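K.L.:
turn this into a model:
(one chain, ligands or ions: 1)
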Amino acid sequence: MSQHKATMIIDKDFIIGAIDNRIYGSFIEHLGRAVYGGIYEPGHPEADEKGFRQDVLSLIQQLQVPIVRYPGGNFVSGYDWKDGIGPKELRKSRLELAWKTIEPNQFGLNDFVEWAQKAQTDVMWAINLGTHGVDEARNIVEYSNHASGTYWSDLRRSHGYEQPHQIKTWCLGNEMDGPWQIGHKTATEYGRVAAESAKVMKWVDPTIELVACGSSSRTMPTFPEWEATVLDHTYDHVEYLSMHTYYGNKKNDTPTFLARSLEMDDFIKTIIATSDYIKAKKRSKKTMYLSFDEWNVWYHSNDADKKRDPWQIAPPQLEDIYTMEDALVVGCMLISLLKHADRVKMACLAQLVNVIAPIMTETGGKAWMQTIFFPYMHASVYGRGNALVPLIHSPKYDTSEITDVPYLEAVAVHNEEAQEVTVFAVNRDLEHPLPLELDLRSFGANSRLIEHIVLENPDLKARNTADDSTAVAPHNRGNAVANGSGLTAQLTKASWNVIRISVQAK
Ligand code: AHR
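P.N.:
Model (predicted):
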């Protein structure tokens, strides 16, 4: 048996790509208590004059979320954006068919734009291509982004927003390949309406960027033919193709659960290959980038959600309470995104508050951090710069579903400005620590450890709750030791590690 130790070599010149900060984006849907009781709760002791919860805003600011996708998700495919604008007392309540609730429309486009400013984040707006089409697509861009002098832009001004919102990033619908989607379409039907919508949206505002819907998961029967057909129609009109994936541990098979990020890697590789095939077919010089705009762990709440009565306003839905092991999977998924920094330019942890989210609240009560908050925050705060190729030798394991799983999942980020290298690493071994030898050869001989942050817990099912909100929390007592041109550490079993190294020349 080979020695149970991992080595990792990184070189500052072996760059995967410059990390686009928008890979640390998130997502808020009109679903469950994400909006009502989550980010917006007039009357809550922490609410500001607009009804935005400041306790939630301050947690979001710790995450440094650069962009938030809104308003859905499945919700958007039946949503009339006009229901959410204008005086609140005149707004209509609607049956919301995607999640079987009542949508009171007390929060909408302008409210979200204002909230996003307070959250110091950009807006990624998803348009409805389920029940809406080309006409509404151009109207909403005109309402949001055109300065003045037209019906829609002057309507926005009459609503109190003199300046255009300048929303730059727009998703052309949501998961249109899924039979559960309102207005589900074939790839050709979707490709045509997406291309025509994109065309007129850019005629209204040529500065915007667009995301076409890829498959809602790699397990869809239409994957990856869906992508090829959709890109055939939309390649010249859009900048990004979307990807979505969620993992769960229903069989309580943690070694397999921790290995799911290898499937995420494969998914990304297949989408890159499919995009590049269409690029070649079209003799195009343009490269299609990827927007991984829904990803997370999602399964804890599935059974509870099946039992809920329909037609309530903001009932608890998709309220996964995350465990230590979920945080490890989220860490592995973040590493997977970083390993594809050359092509994945946007990504959204789905979602941000209460609904499969790093932040939980009680309606009328507290807000706290779930376990997955921490790897997401660490990556967002320390994972800015260039992603470096990780040359890794690691012992491996097999599960009944996935083979050749390296115990070490890792990537390094070089922030040239800060003269810092950060290694993000998960030890997938549930039983043993994993000795790591890191070779920093190209960075000179003066590497110095700044800190070694560790998220670990002897109980992989440990979770944070309103009353015990720090059961799972990181510490910075990791044991990494820098030795000039390298570093050694013992990565404790089942741990998420953030090793921050100063690479300042003396
Ligand atoms: O994020 C929850 C749901 O997952 C979204 O509404 C949908 O797009 C996906 O299936």
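
K.L.:
contacting residues around the residue of the stretch 351-500 of the chain found nearest the ligand?
P.N.:
Closest approach between the stretch 351-500 of the chain and the ligand, counting by C-beta to the nearest ligand atom: Gln351, at 5.6 Å. For every residue, glycine as well, the C-beta is placed using N, CA and C. Gln351 is in contact with Ser26, Phe27, Ile28, Glu29, Leu31, Ala34, Gly73, Asn296, Leu318, Ala357, counting by C-beta atoms under 8 Å, 6 or more residues apart in numbering.

K.L.:
mean confidence for stretch 331-350?
P.N.:
Averaging pLDDT along stretch 331-350 yields 98.

K.L.:
who touches the closest residue to the ligand within the stretch 201-350 of the chain in this structure?
P.N.:
Going by C-beta to the nearest ligand atom, the ligand is nearest to Ala350 of the stretch 201-350 of the chain, at 4.3 Å. Neighbour list for Ala350: Ser26, Phe27, Gly73, His244, Tyr246, Asp293, Glu294, Trp295, Asn296, Trp298, Ile356 [criterion: C-beta under 8 Å, 6+ apart].

K.L.:
please apply the same query to Leu63.
P.N.:
Tyr24, Ser26, Pro358, Phe373, Tyr376, Met377, Ser380.

K.L.:
helices along this protein, start to end?
P.N.:
In the chain, the helices defined using DSSP state H lie at 54-63, 109-118, 134-145, 151-158, 187-204, 225-234, 254-281, 302-306, 324-339, 373-382.

K.L.:
pick the most buried one from those helices.
P.N.:
Across those, the average number of neighbours (mean count of other C-beta atoms under 10 Å) peaks for helix 324-339, which reaches a mean of 26.

K.L.:
helices and strands around it, which ones?
P.N.:
Using 3 or more C-beta pairs under 8 Å, 6 or more residues apart in numbering; DSSP states H and E, the elements in contact with helix 324-339 are helix 254-281, strand 289-297, strand 344-350, helix 373-382, strand 408-415, strand 420-427, strand 448-455, strand 495-502.

K.L.:
average pLDDT for the fourth one?
P.N.:
Pointing back at helix 373-382 there. In this model, helix 373-382 has a mean pLDDT of 98.

K.L.:
contact partners of that helix?
P.N.:
Residues outside helix 373-382 that contact it (C-beta under 8 Å, 6+ apart) are 24, 59, 62-66, 327-328, 330-331, 334, 338, 349, 358-359, 413, 415, 420, 422, 424, 453, 455, 472-474, 496, 498, 500.

K.L.:
get me the contact residues on the stretch 151-300 of the chain for the ligand.
P.N.:
Residues of the stretch 151-300 of the chain lying near the ligand by C-beta under 6 Å from any ligand atom: Asn174, Glu175, Ser216, Glu294.

K.L.:
and the first one, what does it touch?
P.N.:
In this structure, Asn174 makes contact with Gly72, Gly73, Asn74, Val76, Ser77, Ala126, Leu129, Gly130, Gln181, Cys213, judged by C-beta under 8 Å, 6+ apart.

K.L.:
is it true that the last one touches Trp170?
P.N.:
No: at 12.0 Å, Cys213 and Trp170 do not qualify as touching, with contact defined as C-beta atoms under 8 Å.

K.L.:
higher neighbour count, these two?
P.N.:
A count of neighbours by other C-beta atoms under 10 Å puts Cys213 above the other of Cys213 and Trp170, at 32 against 25.

K.L.:
check contacts around that one.
P.N.:
Residues in contact with Cys213 (C-beta under 8 Å, 6+ apart) are 129, 171-177, 190, 194, 230, 241-242.
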